[in-house]
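predicted structure and sequence below. I'll ask about it afterward.
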Amino acid sequence: MPHPDAPALPSVPAAFELPVPAEWQRIEFISDLHLQAGEPRTVAAWLDYLTHTTADAVFMLGDLFEVWIGDDVLDDAQSFEARCCERMRAIARHKALFFMQGNRDFLTGPAFAERSGCTWLSDPTAFEFAGQRYLLSHGDALCLDDTDYQRFRAMARTAAWQDAFLRQPIEARRAQARGMRDQSHSHQRAAMVYAELDRQASLDWLQAARATTLIHGHTHRPADHELAPGMRRIVLSDWDLDATPARAQVLRLDRLQGLQRLPWPCPAA
């Protein structure tokens, strides 16, 4: 059951319907890479993955970046964000790349989509593949027990809040983003674990989308959960090449072999 103080969802969101080309044989999902200039090993692993994966399409389901303070960071061609987008755009010329916003990079906008070459995904998005129906989400909107975050999320998704934030100078925004990130890390350490997705809300989303499998990130706890008979949610891993052991996991969906969790580099990728 949701926490009694959790803000009620006004309604189950309508899922965006993504048409999947019949020729696709393999698609893959990653999330929560939290890319930043200070962690070059994770950045290098991500670029190696995008360059060499044999998937027909890659779905990046939120928190690709540790923080995104506005698309105007791309005005500096030498910025970390601009260089990442340049590499994605080159890869997107021969491989379908999809991007969904997370709680760290929800300020990505049209300039990011254009510069990166990624196809934008609404949260949630539904699609059919090999006779099964799937629902994709970053997952944060379903963590109803994290009431502090849900209040912030509702505020930060408003046009008024975003306009006020984006009108500030870049350095002021960077400082605020660092403060929010540190506060988030402190909250997570105090709670010891990331908030979990609400079971009933997850089922409601699946049923509304006529899907049987929810694929999401956000919680950094990769696992498979049975929500009800024939209904499940699959949690993606985060990526951290500086951790011990290093984490860099891909969820692969293959027409013949179904769903597989694989480390990167994948065996016989």
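Sure, I can see it.

pretty sure residue 266 contacts residue 252?
Yes. Applying Cβ atoms under 8 Å, one finds residue 266 in contact with residue 252, separated by 7.4 Å. C-betas here are computed from N, CA, C, even on glycine.

report the separation between residue 38 and residue 242.
Residue 38 sits 10 Å away from residue 242, going by Cβ to Cβ, to the nearest Å.

repeat for residue 27
Distance, residue 27 to residue 242, by Cβ to Cβ: 28 Å.

who's more crowded, these two?
residue 27 (21 against 11; other Cβ atoms under 10 Å).

so which elements touch the helix or strand where that one lies?
Element membership for residue 27, per DSSP states H and E: strand 26-30. Where contact means 3 or more Cβ pairs under 8 Å, 6 or more residues apart in numbering; DSSP states H and E, strand 26-30 is packed against strand 57-61, strand 249-254.

which strands border that strand, and is each parallel or antiparallel?
According to DSSP bridges, strand 26-30 forms sheet pairs with strand 57-61 (parallel), strand 249-254 (antiparallel).

so which of those strands has the densest surroundings on average?
For the strands paired with strand 26-30, the largest average neighbour count (mean count of other Cβ atoms under 10 Å) is found in strand 57-61, namely a mean of 24.

outside of it itself, list whatever touches it.
For strand 57-61, contacts defined as Cβ atoms under 8 Å, 6 or more residues apart in numbering pick out 24, 27-31, 33, 50, 95-100, 102, 118, 121, 136-138, 215-217, 236.

what do you get for stretch 22-29?
20, 53-59, 61, 129, 136, 215, 236, 250-256.

show me where the chain has strands.
16-17, 26-30, 57-61, 96-100, 119-121, 125-129, 132-137, 213-216, 223-228, 231-235, 249-254, 258-263 (DSSP state E).

can you list the ones you listed in CSV and add distance to residue 43 and mean pLDDT?
Shown next, in CSV, are the strands of the chain (distance: least, Cβ to Cβ, whole Å; pLDDT from 0 to 100):
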stretch, distance to residue 43, mean pLDDT
strand 16-17, 29, 98
strand 26-30, 13, 98
strand 57-61, 14, 98
strand 96-100, 16, 98
strand 119-121, 22, 97
strand 125-129, 26, 98
strand 132-137, 24, 98
strand 213-216, 23, 98
strand 223-228, 26, 97
strand 231-235, 23, 98
strand 249-254, 16, 98
strand 258-263, 18, 96
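
turn these into a markdown table, including distance to residue 175.
Shown next, in a markdown table, are those (distance: least, Cβ to Cβ, whole Å):
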| stretch | distance to residue 175 |
| --- | --- |
| strand 16-17 | 34 |
| strand 26-30 | 29 |
| strand 57-61 | 27 |
| strand 96-100 | 26 |
| strand 119-121 | 28 |
| strand 125-129 | 34 |
| strand 132-137 | 30 |
| strand 213-216 | 30 |
| strand 223-228 | 36 |
| strand 231-235 | 32 |
| strand 249-254 | 33 |
| strand 258-263 | 36 |
